[in-house]
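K.L.:
need a 3D model of the following:
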Amino acid sequence: MISRCMSLEDLPVYLSVDQLAALLGISRAGAYTYVHTDGFPLLRIGKRMLVPRDQLIAWLDAQTEGAV
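P.N.:
Now for the predicted structure:
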């Protein structure tokens, strides 16, 4: 599903950890490391962990500020 997205706006409103891993091109374990990091945007519904697309985009922008 992620590979068919043409832009960030085409992503689902909430991404699973597996979708996050595919989007970032990292392992599932690496994605879980991120979701357990303080300040990472995460919505918990019971045991399910979802990453809000718009907050993820803002978080990525903040992480890459000044990195050129």
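K.L.:
what sits closest to P41 if chain neighbours are left out?
P.N.:
Leaving out its chain neighbours, the residue that sits closest to P41 by C-beta to C-beta, 6 or more residues apart in numbering is Q55, at 3.4 Å. From N, CA and C alone the C-beta is placed, and that goes for glycine too.
K.L.:
the strands in this protein, which residues?
P.N.:
14-15, 43-45, 48-52 (DSSP state E).
K.L.:
could I get the ones you listed as TSV with mean neighbour count, distance to S27 and mean pLDDT?
P.N.:
TSV is the format used below for those (neighbours: other C-beta atoms under 10 Å; distance: least, C-beta to C-beta, whole Å; pLDDT from 0 to 100):
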stretch	mean neighbour count	distance to S27	mean pLDDT
strand 14-15	18	16	97
strand 43-45	9	21	97
strand 48-52	17	16	98
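K.L.:
low-confidence regions, this structure specifically.
P.N.:
Low-confidence segments of the chain (pLDDT under 70): 1-6, 66-68.
K.L.:
send me the helix ranked longest in it as CSV with only the CA atoms.
P.N.:
The residue-count maximum for a helix in the chain (DSSP state H) belongs to helix 53-63. Extracted in CSV, the C-alpha atoms of helix 53-63 (Å, rounded to 0.1, in the frame of the first residue of the first chain):
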residue,chain,number,x,y,z
ARG,A,53,0.1,11.1,9.2
ASP,A,54,0.0,14.9,9.7
GLN,A,55,1.9,14.7,13.0
LEU,A,56,4.4,12.4,11.5
ILE,A,57,5.1,14.8,8.6
ALA,A,58,5.5,17.7,11.2
TRP,A,59,7.8,15.4,13.3
LEU,A,60,9.9,14.5,10.2
ASP,A,61,10.2,18.2,9.3
ALA,A,62,11.4,19.0,12.8
GLN,A,63,14.0,16.2,12.7
